[in-house]
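# Take this sequence and fold it.
(2 chains)
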2 protein chains.
Amino acid sequence: MNAIEAIFTRRSIRKYKQIKVDNEILELVLKSAMYAPSARNEQPWHFIVIDDPDLKNRVMNAHPHAKMLSEAPVAILVCGDKELEISPDYWPVDCAAATQNILLSAHASGLGAVWLGVHPRTERKKAIREIFGLPSHVEPFSLVAIGVPDEQKDQPERFKPERIKRNSWNS
Amino acid sequence: MNAIEAIFTRRSIRKYKQIKVDNEILELVLKSAMYAPSARNEQPWHFIVIDDPDLKNRVMNAHPHAKMLSEAPVAILVCGDKELEISPDYWPVDCAAATQNILLSAHASGLGAVWLGVHPRTERKKAIREIFGLPSHVEPFSLVAIGVPDEQKDQPERFKPERIKRNSWNS
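Residues are numbered from 1 along each chain as shown, chains lettered A, B, ... in the order given. Model prediction:
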């Protein structure tokens, strides 16, 4: 799939067929995450692949918008590692770029995915940290549910020319 | 360009030919930013296109890593708008996804770009806010310098299988 087309046609997919996600495609999606830019190219991230039903249930109980995990064959927890940073506090920025690469790569591979926000919600972070046994220097950032899509969504109109200014806020 | 290829071959490009960036391509790049996912689909962003040489100079003085702006024909300042949020404090996450779409779309369009971090550095934010006259509810997030590439970079190896865990940190 063409890159621009992938960007424009990607949607949040929350319904999935009961089919396993191919391991090679999942690895390609994770590799895509690792090709995101990061501050000083620190790549301060880890990825936990979640396919255990009990764990998915525990995440659903800890996150208010994670119902689709009951159907999703797999999810990825994107984490930032503060000990891998030279530029402090950029890990959420870096992890967001990695998460966006996951969504685009999944979509371009024929999968559907949805980004569930974890950071900066302290309650969600605390619960997720406990479920996965994260050490104190590792911060949960986002969850991405992934599967073969069982819903289709059209491309909406999101271009808003009024959000573009030139050389000044008051242009 | 294929989406996965765009993700893997995108690099930070800091040298540009002295050629204007086509307006239609620039609009496509900005449209790509607006197709990023955002918390509750709030799309809480604005984009300031910077092509004024004096302004570029002022930004170079305000940002420690912005030297390439002297060569870049154009830059985009990505801003978050706290008044457009329903989910407080997600604007940096949303703006990061939008910035990543800008980088990928520029690369897929034959341009080169580099992401300059602004948020969360308070000094840079203060200086950028003054230069562009941003109101208090609008936060500068990132700068992207863009131009026709005048350097070529190979695809590095960034895949780190040890950063992938399964169902637990201690897997």
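# buried ones in the helix or strand harbouring A:Gln100?
Assigning secondary structure by DSSP states H and E places A:Gln100 in helix A:91-108. By 16 or more other CB atoms under 10 Å in any protein chain shown, the buried positions in helix A:91-108 come out as A:91-108. Every residue, glycine included, has its C-beta placed from N, CA and C.
# One more: stretch A:41-52?
A:Glu42, A:Gln43, A:Pro44, A:Trp45, A:His46, A:Phe47, A:Ile48, A:Val49, A:Ile50.
# which of those residues come close to chain B?
A:Gln43, A:Trp45, A:His46, A:Phe47, A:Ile48, A:Val49, A:Ile50 (CB under 8 Å from any CB of the partner chain).
# Kindly indicate which of the residues you listed lies nearest A:Lys20.
Set against A:Lys20, the nearest of these by CB to CB is A:Val49 (12.4 Å).
# Chain neighbours aside, what residue packs nearest to that closest one?
Nearest non-adjacent residue to A:Val49, counting by CB to CB, 6 or more residues apart in numbering or on different chains: B:Arg166, 5.0 Å away.
# so who does that neighbour touch?
For B:Arg166, the contacting residues are A:Ile48, A:Val49, A:Asp51, by CB atoms under 8 Å, 6 or more residues apart in numbering or on different chains.
# mind listing which of those residues are in strands?
Members of the contacts of B:Arg166 lying in strands (criterion: DSSP state E): A:Ile48, A:Val49.
# on that earlier part again, from the contact counts, what lies against the helix or strand following the helix holding A:Gln100?
Counting by DSSP H and E, the next helix or strand C-terminal to helix A:91-108 is strand A:112-117. On a contact count with 3 or more CB pairs under 8 Å, 6 or more residues apart in numbering or on different chains; DSSP states H and E, strand A:112-117 meets helix A:91-108, strand A:138-147.
# could you dump strand A:112-117 to CSV, C-alpha only?
Provided in CSV are the C-alpha atoms of strand A:112-117 (Å, rounded to 0.1, in the frame of the first residue of the first chain):
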residue,chain,number,x,y,z
GLY,A,112,-6.7,-3.2,11.8
ALA,A,113,-5.5,-1.5,15.0
VAL,A,114,-6.5,1.0,17.6
TRP,A,115,-4.4,3.2,19.8
LEU,A,116,-5.4,3.1,23.5
GLY,A,117,-3.9,5.9,25.5
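# Right, I'll leave it there.
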